[in-house]
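**Q** Below are the sequence and a predicted model; questions follow.
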Amino acid sequence: MDIKMEVLIALGSSYALNCQPCLELHKHEAIDAGLTMEEMRAAIAVAESVKKGAYDLARQSAGNLFGNIKEERCCPGVSKCCP
């Protein structure tokens, strides 16, 4: 596997795992490896699809186990946590 592929996987994984420091680090590594913003956005888009699929499946499973789940913010109003 070449360095570009490794960095794209790391970038997408960082996004999927919600790791902001890792995302920033791997963005710099991607730039150093010669990746374009378009390639980086594509990696994020793939990670977003996987993340959303997992979320949707988990939500459906929880609904089956516990009934309809009301979606609420974890904190009131607008904050850094829940913009």
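**A** Right, received. Where do you want to start? No experiment lies behind these values; they were computed from the predicted model shown. Residues are numbered from 1 along each chain as shown.

**Q** can you tell me the helix or strand for L35?
**A** Taking DSSP states H and E as the definition, L35 sits outside all helices and strands.

**Q** now swap in I69 and tell me
**A** Counting by DSSP H and E, I69 is found in no helix or strand.

**Q** for it, phi and psi?
**A** Per-residue torsions, I69: phi -110, psi 120 (degrees, to the nearest 10).

**Q** isn't it right next to Q60, touching?
**A** No - counting by Cβ atoms under 8 Å, I69 does not reach Q60; the two are 9.9 Å apart. Backbone N, C-alpha and C define where each C-beta goes, glycine included.

**Q** Go ahead and confirm E48 touches Y15.
**A** Yes - contact criterion Cβ under 8 Å: E48 and Y15 qualify, at 7.1 Å.

**Q** Same drill for those two, tell me which one is more crowded.
**A** In terms of neighbours (other Cβ atoms under 10 Å), Y15 is the more surrounded of E48 and Y15; the figures are 22 against 13.

**Q** Can you name every helix or strand that the longest helix seen in the chain contacts?
**A** Longest helix in the chain by number of residues (criterion: DSSP state H): helix 37-66. Contact here means 3 or more Cβ pairs under 8 Å, 6 or more residues apart in numbering; DSSP states H and E; on that basis helix 37-66 packs against helix 3-16, helix 20-32.

**Q** D56: which of those is closest?
**A** Nearest to D56 among those is helix 3-16 (14.1 Å), distances taken as Cβ to Cβ.

**Q** Who's the closest spatial neighbour of L35, skipping the chain neighbours?
**A** K4 (5.8 Å; Cβ to Cβ, 6 or more residues apart in numbering).

**Q** And for L23?
**A** S14 (4.3 Å).

**Q** A47 is in contact with C19, isn't it?
**A** No - between A47 and C19 there is no contact under Cβ under 8 Å: 11.3 Å.

**Q** Could you point out which residue ranges in the protein have low pLDDT?
**A** 73, 77, 82-83 (pLDDT under 70).

**Q** So what does the residue in the chain sticking out farthest from the centre have for phi and psi?
**A** In the chain, the greatest distance from the average C-alpha position (Cα atoms, centre = their mean) is reached by G67, at 26.8 Å. Per-residue torsions, G67: phi 90, psi -180 (degrees, to the nearest 10).
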